[in-house]
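**Q** Sequence and predicted model, in that order:
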Amino acid sequence: MSIEVKNVTKIYGKQKALDNISFTVEPGHIVGFLGPNGAGKSTMMKIITCFIPQTAGNVKVCGYDVIEQPIDVKKQVGYLPEHNPLYLDMYVKEYLNFVGGVYKIENRKARVKEMIDIVGLGVEQNKKIGALSKGYRQRVGLAQAMIHDPKVLILDEPTTGLDPNQLEEIRGLIKTIGKKKTIMLSTHIMQEVEAICDKTIIVNQGKIVADDKTQDLQKQQEDQIILTVEFDKSVNINLLKNIEGIHQVKNKQDNIWFIVVKDDIVRNNIFQFAVKNDLIVLTMQKETKSLEDIFKKLTTN
């Protein structure tokens, strides 16, 4: 496993930020680590990256213990914190060369050039970091996190404050990087997780409330099936309600209906009803519960 977290608790004074949580992250996966503000996300990431110690439990990264082997862990991990700490008076190439020196990277000049190409900093490489847009600063942050070629990337809110174009660019970059590295990604943007994450972990009040593949998590949380059905002409609502297997019917507009059913088999009954009543089904679409709906359900008391 790239990351192994077992029974981890973190206490600040009288506050329990993490409460006996456990999870694993497999190599080559992009994992969304979600939760409301104050749920313990950043605390967990700081423990994984050896910035703070846990109160109890064990954490291993690529087989190395974060307490007993912190130097080995840091060699395996690249970290982009929520507030990207950059030296704004340094030039892009100068800063990346400095970070490469900290990691004692051989052939630093070639590695800096490689990172600039990977994250798309070519046109901005000769500028001071303070003169860059938020999107390009995030690219510099990603470059410094990856310059020592770590196996694991920990990204805490990497797309906060970006405009839609920058969002798309950074998401695409993370997805590309994720083909070769393990990525743990904290974000409040649910569409981001749906788009790029293989697995989703949701934490609330210091406890894990969901841990599964993103698609499977959405399926598990579906307690009802909703179909959007459009007929070619008006339909009597009472006739629709009498179709076997239909639980609830609501008119959306004109000849479009929201139909709550017990299972997918009911779709055949709807088609048979249409034929019997000289109707044409123009569209029939199954509504999937969004990750945002699931998040609200699991994190709202």
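**A** Alright, I've got the coordinates.
**Q** pLDDT weak spots in the stretch 51-200 of the chain?
**A** Within the stretch 51-200 of the chain, no stretch falls below the threshold (pLDDT under 70).
**Q** residue boundaries of the helices in it?
**A** With helices called from DSSP state H, counting those that start in this stretch, the stretch 51-200 of the chain shows them at 70-76, 92-102, 108-119, 134-146, 164-177, 190-196.
**Q** Show me what the longest one is in contact with.
**A** I take that to be helix 164-177. Applying C-beta atoms under 8 Å, 6 or more residues apart in numbering, the external contacts of helix 164-177 come out as 30, 118-120, 133-135, 138-139, 142, 146, 153, 155, 158-159, 162, 183, 185, 189, 192, 195-196. (C-beta placed from N, C-alpha, C; glycine too.)
**Q** Which members of these are classed as buried?
**A** Among those, those scoring as buried are 30, 118-120, 135, 138-139, 142, 146, 153, 155, 158-159, 162, 183, 185, 189, 192, 196 (criterion: 16 or more other C-beta atoms under 10 Å).
**Q** ok, now which ones touch the residue nearest to residue 160 when sequence neighbours are not counted?
**A** Sequence neighbours aside, residue 82 is the residue nearest to residue 160 in space, at 6.9 Å (criterion: C-beta to C-beta, 6 or more residues apart in numbering). Contact analysis of residue 82 by C-beta under 8 Å, 6+ apart lists 42, 156-157, 160, 186.
**Q** if I pick the closest residue to residue 78 other than its chain neighbours, what's in contact with it?
**A** Residue nearest to residue 78 in three dimensions, not counting chain neighbours: residue 145, with 3.5 Å by C-beta to C-beta, 6+ apart. Counting by C-beta under 8 Å, 6+ apart, residue 145 makes contact with 78-80, 153, 155.
**Q** Next: residue 266.
**A** For residue 266, the contacting residues are 225, 227, 243-246, by C-beta under 8 Å, 6+ apart.
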